[in-house]
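Chemist: quick check, what structure comes out for this input:
(one chain, ligands or ions: 3)
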Amino acid sequence: MTTLAGLVGAILIALSVTASMQDSTIVTSPPEHFTMRVLASGLEGPWEVAWSPDQQLWVTERTGRRVIRINPSNGARSVLVNIPEVNTTFTQDGLLGLAFHADLMRGTGNDFVYVAFTYDDAPGTALARRLAVRRYRYDEAGSKLVEPLDILTGLPTDTDHVGGRLAFGPDRKLYLTIGDQGSNFGANRCNANHAQDLPTAADVKAKNWSRYQGKILRLELDGSIPADNPTIEGVRSHVFSWGHRNPLGLAFGPNGRLYESEHGPSSDDEVNLIEGGRNYGWPNVAGYKDDKAYVYANWSASQPQPCDSLPRGGGDTIPPSVPTQAETSWNNPHFTPPLRTFFTVETGYDLRTIGSGTIAPGGVDVYTGDGIPGWKNSLLVLSLIRGAVYRLSLAPDGRSVQGAPSEYFKSANRYRDIALNPDGRTLYLATDVTGPSRNAAGVVTQTLANPGSILEFKYAP
Ligand SMILES: [Ca+2]
Ligand SMILES: [Ca+2]
Ligand SMILES: [Ca+2]
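Modeler: Ligands and ions are numbered 1, 2, ... in the order given. Sure, this is the predicted structure:
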């Protein structure tokens with residue numbers, strides 16, 4: 001039963017959440033108009049949506065464990081491949097990223113498609129979570145993905161911050177994001193965070209990929225280590241960049257520039273320009289190196305009280321036994337700050353009552369078309385928890401963003417991934433089946449408007 005006091009309280013919370021939820025520099029009512037239609041619904045966890053060379057939408061279903069094709073005109077769908085060995089146990093693992101070979105359906109014999117997925121590497125009832133990258137050949141006549149070939153297996157994964165986004169580079173290499181496994185956070189807070197740890201030469205020789213947590217990898221198309229990958233602290237491995245938390249967006253833009261989005265802790269979601277041999281700071285730095293509202297507290301190093309003896313549910317309170325380090329007292333010559341955060345809050349900001357300073361970014365893409373005035377060379381950053389897409393204008397050299405982000409497509413949905421129609425006027429957004437978003441009033445809700453869907457947004461001048 002709702003009491004008057006409860007109602008007033010709820011309204012006050014709603015007002016404070018609404019008032020606080022926006023980074024004040026975000027443009028919330030941009031002038032462009034779009035029409036929306038539901039192209040497909042009832043999908044089992046659509047995770048990657050991609051525009052294919054034959055003018056269709058290809059979608060990975062995370063929990064459905066299959067790749068499907070959707071006709072963008074009428075929504076008709078067909079299954080390209082089922083992948084029963086995909087292991088899916090919680091809200092982040094399963095069939096994840098998908099990337100097309102640049103020559104797909106171009107008659108060169110390279111009709112290859114790559115997927116990333118989690119699997120169980122232990123026999124019987126034991127569970128050994130691992131991440132893999134697999135190649136399929138596309139049989140265009142039969143409209144099926146055939147001849148599976150695992151090109152890299154045994155990659156680390158766990159019960160949080162899986163990552164799993166794939167991109168095919170203009171350099172004809174594969175790029176893969178791997179999260180930090182949620183180490184030092186939540187239920188995994190007593191696990192040491194390895195986002196700053198790099199593989200040794202012995203690790204590489206033994207094909208021990210356990211230090212690939214919190215990294216972006218660069219792979220040859222057969223899964224081997226490219227000869228021109230960066231040598232980092234004396235070792236060349238698959239590691240292209242490191243110090244990442246939960247990177248879920250990865251896309252190439254003009255001039256081969258690579259953009260990425262990743263989740264911050266309770267502030268400082270990031271959009272990064274990814275370059276080889278760069279260190280993106282996590283867990284020593286969240287967002288910019290500014291000592292604002294974040295300090296690296298290494299729970300696994302707690303002493304004399306071991307981490308697992310510490311009381312749970314302490315919120316942001318850091319017990320004295322847990323060592324801490326200020327951002328500005330950490331120095332790494334390869335540190336690279338983000339292009340932009342969503343968003344940075346001041347120390348003392350009350351995350352509990354005012355609301356988290358995050359958008360929880362999903363996929364990203366780079367709009368290079370001419371169909372929507374003012375949009376050319378924009379980064380589109382999806383939000384899981386705010387039901388919005390944020391557009392950031394790239395500077396001409398693509399090395400920075402300029403002006404204020406604009407917010408589009410507000411709805412009570414969790415936008416997981418995006419595909420762009422080459423007509424330059426139409427976007428497709430994949431939505432989660434479950435999880436929190438925000439309703440039209442800005443209040444957190446679990447009731448999603450279009451769960452498990454592909455939504456089409458068409459520019460309507
Ligand atoms: Ca996509
Ligand atoms: Ca960072
Ligand atoms: Ca910071």
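Chemist: contacts and neighbour counts: CA atoms only from here.
Modeler: Will do.
Chemist: T35: how many residues sit nearby?
Modeler: 12 (other Cα atoms under 10 Å).
Chemist: after the host helix or strand of it, which helix or strand is next?
Modeler: For T35, the host element (DSSP states H and E) is strand 34-40. Remark: after strand 34-40, the chain's next helix or strand is strand 46-51, criterion DSSP H and E.
Chemist: which residues in the stretch 251-400 of the chain form strands?
Modeler: Remark: strands assigned in the stretch 251-400 of the chain by DSSP state E, counting those that start in this stretch are 258-262, 269-274, 278-279, 296-297, 324-325, 340-342, 361-367, 378-383, 388-394.
Chemist: starting at the chain centroid, how far to the fourth one?
Modeler: Centroid separation between strand 296-297 and its chain, computed with Cα atoms, centre = their mean, to the nearest Å, is 23 Å.
Chemist: pLDDT on it, on average?
Modeler: The predicted model gives strand 296-297 an average pLDDT of 96.
Chemist: could you list the residues in contact with that strand?
Modeler: 283-285, 318, 322-327 (Cα atoms under 8 Å, 6 or more residues apart in numbering).
Chemist: in stretch 32-41, what's buried?
Modeler: Neighbour-count burial for stretch 32-41 flags 36, 39-41 (criterion: 16 or more other Cα atoms under 10 Å).
Chemist: coming back round to it: dump the strands of the stretch 251-400 of the chain to TSV, plus distance to L217.
Modeler: Conversion of the strands of the stretch 251-400 of the chain to TSV gives the following (distance: least, Cα to Cα, whole Å):
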stretch	distance to L217
strand 258-262	12
strand 269-274	11
strand 278-279	12
strand 296-297	24
strand 324-325	27
strand 340-342	22
strand 361-367	17
strand 378-383	21
strand 388-394	24
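Chemist: which among those is found nearest to G164?
Modeler: Judged by Cα to Cα, the one of these that comes nearest to G164 is strand 361-367, at 11.0 Å.
Chemist: how about the closest one and ligand 1, touching?
Modeler: No. Taking Cα under 5 Å from the ion as the criterion, strand 361-367 and ligand 1 are apart, separated by no less than 6.8 Å.
Chemist: now the helices for the protein?
Modeler: For the chain, the helices defined by DSSP state H occupy 4-20, 201-205, 351-354.
Chemist: rank those helices by mean pLDDT and give me the bottom one.
Modeler: helix 4-20 (a mean of 37).
Chemist: neighbours of the residue of the chain at minimum distance from ligand 2, how many?
Modeler: Residue nearest to ligand 2 within the chain: Y280 (4.2 Å; Cα to the ion). Number of residues near Y280 (other Cα under 10 Å) recorded here: 31.
Chemist: not counting its neighbours along the chain, what's nearest it?
Modeler: G243 (4.7 Å; Cα to Cα, 6 or more residues apart in numbering).
Chemist: wait, what's in contact with that neighbour?
Modeler: 195-196, 214-215, 279-283.
Chemist: for it, phi and psi?
Modeler: phi 80, psi 40 (degrees, to the nearest 10).
Chemist: could you check how far it is from H194?
Modeler: 8 Å (Cα to Cα, to the nearest Å).
Chemist: list residues touching both of those two?
Modeler: G214.
Chemist: mind checking pLDDT for the residue lying closest to N413 once chain neighbours are set aside?
Modeler: Using Cα to Cα, 6+ apart and skipping the chain neighbours, the partner closest in space to N413 is G387 (4.8 Å). Per-residue pLDDT puts G387 at 94.
Chemist: OK, contacts around G387?
Modeler: Contact analysis of G387 by Cα under 8 Å, 6+ apart lists 409-415, 437-438.
Chemist: now the residues you listed as JSON lines including neighbour count?
Modeler: Below are these laid out as JSON lines (neighbours: other Cα atoms under 10 Å):
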{"residue": "F409", "neighbour count": "18"}
{"residue": "K410", "neighbour count": "18"}
{"residue": "S411", "neighbour count": "18"}
{"residue": "A412", "neighbour count": "27"}
{"residue": "N413", "neighbour count": "33"}
{"residue": "R414", "neighbour count": "31"}
{"residue": "Y415", "neighbour count": "33"}
{"residue": "S437", "neighbour count": "26"}
{"residue": "R438", "neighbour count": "23"}
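Chemist: let me have the strands of the stretch 251-400 of the chain in JSON lines, extended by distance to ligand 3 and mean neighbour count.
Modeler: Rendered in JSON lines, the data for the strands of the stretch 251-400 of the chain read as follows (distance: least, Cα to the ion, whole Å; neighbours: other Cα atoms under 10 Å):
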{"stretch": "strand 258-262", "distance to ligand 3": "14", "mean neighbour count": "25"}
{"stretch": "strand 269-274", "distance to ligand 3": "10", "mean neighbour count": "26"}
{"stretch": "strand 278-279", "distance to ligand 3": "14", "mean neighbour count": "22"}
{"stretch": "strand 296-297", "distance to ligand 3": "10", "mean neighbour count": "20"}
{"stretch": "strand 324-325", "distance to ligand 3": "12", "mean neighbour count": "16"}
{"stretch": "strand 340-342", "distance to ligand 3": "10", "mean neighbour count": "23"}
{"stretch": "strand 361-367", "distance to ligand 3": "17", "mean neighbour count": "27"}
{"stretch": "strand 378-383", "distance to ligand 3": "20", "mean neighbour count": "26"}
{"stretch": "strand 388-394", "distance to ligand 3": "21", "mean neighbour count": "24"}
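Chemist: alright, I will stop here.
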